[in-house]
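Enquirer: the following block contains a protein sequence and its predicted model.
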Amino acid sequence: MRIPCFVLWWLGSFFLLCTMPVFPHESIGAPDRCLSDASLSASEAPSPGGALIFGAFGEVKFLDPGVLQETTSASVTSNIYETLVRFDRRSFDTIPSLALSWTVKDSRVWTFALRKNVKFHDGTLCDAWAVKFNFDRQRDPRHPFHYPSYGRFHCYDSLFGSYRNAIEKVEVLDPYTLRIVLLQPDCMFLRKIALPYFAIVSPASVKKWKDEFYQNPVGTGPFRFTEWRKPSRIVLSSNRDYWGKKPFLDRIIFEPYRDPVSCLRQLERGNLDLVSLEAYHSADDLKNRENITVVKLPRLHLCYLALNCLRFPFQQKNARLALSYLVNRQELCSRTPMIAASAVIPPGMPGYVRHESFPYNLKKGSALAAQCRWPSRMVMLCPEGSLPTMADPGGIALKVSEYLRKGGVKVTVQKLPYGEFARRVRYGEYELALWGAMDETGDADTFLTTSWDPMNARQGGSNVCFYQNAEIGELLVKARRTPEKGKRAACYKKIQELLLADMPMVPLGYQSQAVAFQQRVRDFSPHPSGLFVLDEVWLAR
């Protein structure tokens, strides 16, 4: 399950006010609660000790935050590592973490005062030189550890490298003061570096383990890595030398599952304490269990049909428009845990406007398709298993292919293991593919930048439709420089209109998520991003 860089629909209207210095943290306003139908805190005194067993779908791939590609790994690393700033427990407000305070000039020059005497799990000091090592490692191709054998820094590339290597330089002013200078103003910079991909790793351990660092993770977080019983089970233990409030749990045991049914059955039997569910409907039969709480997270990611605009037949605009009319979104999403897409941007985000420019219309879609040339055979790629943006890719792909065949467009479906699937899509080795866009910052910038910035329309990039629109690139730059809420929203609205006019992809639906957990799990507050930091969780006896 990949994580390119992803959006919470109901928090998208909050913005960073980046034109003024910030001491010691910024506030975006009173956040909405991310929980529903449950109260997740307890009145009794916390009880320290015990092991929490976390069940999640998918296999953990890497424990190096820079190369994360799926949510299961990110849930593990979020408890091992920390970022300079982090999101508030229940919102996208950025608050201090490894950085105690910061100032900003013109949304371009960011100066961070770091906490003193914070140590990595290997005993080395987390100072300004260590933080510089981390940013340089991801941004500088000349850095000796920029090309680990196990992966690439895709999220850095899509969020920063896409617009002319946005981080100009990283300077150490003294052992606990760091300055990051951007080439262009970016009001969303703090939210970006709060993402798990930019967590700070131990330079000493990277140098020691080299290409094996991904399975020997060392951070500064509340839990430290203990063991990895491949291919799945991972054990973290409490970091008793943690600089902040010590965690209550002695251990966290991550047990990834491939089969959601067996995962839920293990929860029912009491063998799991907490389960993360990509599809809310998977937990419907647990809602009446007295000992289990189910919470739906309004985490809406866009699932879409990607069209390779560099390949025949999708250089033809009418071919792209034809497909948009042939897919019956309402019927498709009635059979899945998705909400039918009404726009490119999820509802509630700045710039969202409900559009009716691509309603289901078999007659109109068939007529447009008849005007185009088509290859004798087209293949639609989809991944095996589930993704955060789609719970059942195989079922969705088959249904979409049926809609297209009714309009005279013949398509066969090919399922691939996620690694091969993602490689072929990123490098343009496809005509059609199921893909998705997600955001973890609560703003439309990262959601749109990763998927539609023309600088990302390159082999290995995140603009997998290879759609290049210079006006969209200019609007994204303008929005990053604009702290005013209304003006930013106007940029995003225009981008959405441009995309829907050209239709380089076909929006399908918005995917939600849920969590289910035993009653004995207390003070559990899932973040709107869908990632879980468990340092405040405790188990009732």
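Expert: Great, that's in hand. Residues are numbered from 1 along each chain as shown.
Enquirer: which residues in the stretch 151-300 of the chain form strands?
Expert: 167-174, 177-182, 223-229, 233-238, 251-257, 274-277, 292-307 (DSSP state E, counting those that start in this stretch).
Enquirer: of the ones you listed, flag the one that's most buried.
Expert: Across the strands of the stretch 151-300 of the chain, the average number of neighbours (mean count of other Cβ atoms under 10 Å) peaks for strand 274-277, which reaches a mean of 26. Backbone N, C-alpha and C define where each C-beta goes, glycine included.
Enquirer: Provide the contact partners of that strand at residue level.
Expert: 52-57, 71-72, 75, 260, 263-264, 267, 283, 513-518, 521, 524, 530, 532 (Cβ atoms under 8 Å, 6 or more residues apart in numbering).
Enquirer: hmm, back to that, out of the strands of the stretch 151-300 of the chain, nearest to S451?
Expert: S451 lies closest to strand 292-307 among the strands of the stretch 151-300 of the chain, at 8.6 Å (Cβ to Cβ).
Enquirer: ok, the closest one: who's next to it in the sheet?
Expert: strand 432-437 (antiparallel), strand 505-518 (antiparallel) (DSSP bridges).
Enquirer: mind putting these into TSV with mean pLDDT, distance to A370 and mean neighbour count?
Expert: Output for the strands paired with strand 292-307, formatted as TSV (pLDDT from 0 to 100; distance: least, Cβ to Cβ, whole Å; neighbours: other Cβ atoms under 10 Å):
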stretch	mean pLDDT	distance to A370	mean neighbour count
strand 432-437	93	19	26
strand 505-518	88	18	24
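Enquirer: distance to S205 for the ones you listed - can I get that in CSV?
Expert: What follows is those, written out as CSV (distance: least, Cβ to Cβ, whole Å):
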stretch, distance to S205
strand 432-437, 33
strand 505-518, 31
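Enquirer: excluding chain neighbours, what is closest to V172?
Expert: Among residues not flanking V172 along the chain, A128 sits closest, at 4.4 Å (Cβ to Cβ, 6 or more residues apart in numbering).
Enquirer: could you give the number of residues near the one you found?
Expert: For A128, the count of nearby residues is 20 (other Cβ atoms under 10 Å).
Enquirer: ok, it to A343 distance?
Expert: 43 Å (Cβ to Cβ, to the nearest Å).
Enquirer: also S276?
Expert: On the measure of Cβ to Cβ, S276 and A343 end up 27 Å apart.
Enquirer: circling back: and of the strands paired with strand 292-307, who's closest to F213?
Expert: strand 432-437 (28.5 Å).
Enquirer: now do the helix or strand that that closest one is followed by: everything it contacts.
Expert: Next helix or strand after strand 432-437 toward the C-terminus (DSSP states H and E): helix 444-452. The contact list for helix 444-452 (Cβ under 8 Å, 6+ apart) reads 4-7, 12, 158-159, 162-163, 188, 191-192, 345-346, 349-352, 437-440, 456, 462-465, 467, 469, 472, 476, 479-480, 492, 495, 499.
Enquirer: touching, the residue nearest to V172 and P175? I think so.
Expert: Yes. Assessed by Cβ atoms under 8 Å, A128 is found in contact with P175 at 5.7 Å.
Enquirer: on that earlier part again, I'd like the strands of the stretch 151-300 of the chain as a markdown table, with distance to G385 and mean pLDDT appended.
Expert: Formatted as a markdown table, the strands of the stretch 151-300 of the chain follow (distance: least, Cβ to Cβ, whole Å; pLDDT from 0 to 100):
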| stretch | distance to G385 | mean pLDDT |
| --- | --- | --- |
| strand 167-174 | 34 | 96 |
| strand 177-182 | 37 | 97 |
| strand 223-229 | 20 | 95 |
| strand 233-238 | 19 | 96 |
| strand 251-257 | 11 | 91 |
| strand 274-277 | 14 | 84 |
| strand 292-307 | 14 | 83 |
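Enquirer: and these as JSON lines, adding distance to F135?
Expert: Output for the strands of the stretch 151-300 of the chain, formatted as JSON lines (distance: least, Cβ to Cβ, whole Å):
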{"stretch": "strand 167-174", "distance to F135": "5"}
{"stretch": "strand 177-182", "distance to F135": "7"}
{"stretch": "strand 223-229", "distance to F135": "22"}
{"stretch": "strand 233-238", "distance to F135": "25"}
{"stretch": "strand 251-257", "distance to F135": "28"}
{"stretch": "strand 274-277", "distance to F135": "30"}
{"stretch": "strand 292-307", "distance to F135": "27"}
